[in-house]
Every structure is written in structure tokens, then in C-alpha cells.
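Novice: no sequence on hand, only this structure:
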């Protein structure tokens with residue numbers, strides 16, 4: 001049976017997504033690469049409970065208002081992708097894992113290699129957003 005993961009796309013009012021720069025340690029997968037915040041679903045844990053736990057541990061952020069966006073069947077895992085609106089400056093978010101957080105526009109993501117195949121996830125997300133297939137908050 002494949003392992004499961006839970007990750008979250010935070011989107012701000014400028015349609016930018018929040019990414020985490022992974023630690024630059026040779027003993028971790030994808031060192032020094034940009035990544036969606038998230039983690040591994042533990043035994044007897046739901047993907048919803050996992051994303052809530054991981055976001056408290058990693059960035060002290062309440063994601064109780066997030067919603068499931070998509071599920072991907074990657075060769076190494078099943079990944080549950082959540083979505084939540086967030087308009088907080090990256091430097092104002094408490095970070096406990098990784099090197100830093102940064103907001104990226106669609107243009108800035110082009111050609112940026114992401115950890116764990118999340119370039120596909122974000123490409124699909126922005127395509128759905130452009131086709132109005134993703135519900136985000138009304139723009140003011």
C-alpha cells in the first residue's frame with residue numbers, strides 16, 4: 001500500500017501561492033528545493049487531521065477553513081491537496097521547518113523545479129483557476 005501525504009496550496013488575493021524552501025541538508029529528500037507545505041499522513045490519521053497538525057507544527061497556522069482541492073496518485077504516494085485563502089506576509093508567518101517562505105506568482109513558478117512533483121499540482125491548479133473551476137474568495 002502506498003503512503004499518503006497531505007499538502008496545502010495557500011493562495012493570496014493576488015493569486016500567488018505560498019511555498020516553503022526546504023532545508024539544505026543532504027540527508028533529506030529534495031534539499032534546498034521549493035515545496036508546498038505539508039507532510040506525511042500518520043497511521044490512523046486522516047488527511048484533514050494531518051494537514052491541520054502539520055500546519056500547526058510547521059507554520060503555526062490554523063487551517064480549519066481549508067478544503068480538499070484534489071487527490072493525486074503519484075508513483076510513490078497518494079497526495080491530498082488542500083486549498084485555503086491566506087493574506088499574510090510571508091515574513092510574518094512563524095516558520096519552524098525549512099529555510100523560508102515566499103509567495104510566488106504563476107509567472108515566477110515557470111521553470112522552477114519543485115519538490116515531490118508539485119510543479120504538476122500547481123500547473124493543474126492555475127489552469128483550473130484560469131478556467132474558473134477553482135472557487136477562491138471574491139476579489140475586492
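Specialist: Ah, there it is. Keep in mind that what you see is a predicted model, and the values were worked out from it rather than measured.

Novice: tell me what residue 100 is bridged to.
Specialist: On the basis of DSSP bridges, residue 100 takes part in beta bridges with residue 21.

Novice: is it true that it touches residue 90?
Specialist: Yes - in this structure residue 100 lies within contact range of residue 90 using CB atoms under 8 Å: 7.4 Å. C-beta coordinates here come from the backbone N, C-alpha and C atoms, glycine included.

Novice: neighbour count for the two, which is higher?
Specialist: residue 90 (17 against 12; other CB atoms under 10 Å).

Novice: how about that one, phi and psi?
Specialist: Dihedral angles phi and psi of residue 90 (degrees, to the nearest 10) take the values phi -60, psi -40.

Novice: what's the neighbour count on the nearest residue to it once chain neighbours are set aside?
Specialist: Closest residue to residue 90 in three dimensions, ignoring its sequence neighbours and counting by CB to CB, 6 or more residues apart in numbering: residue 101, at 4.2 Å. Residues near residue 101, counting by other CB under 10 Å, number 22.
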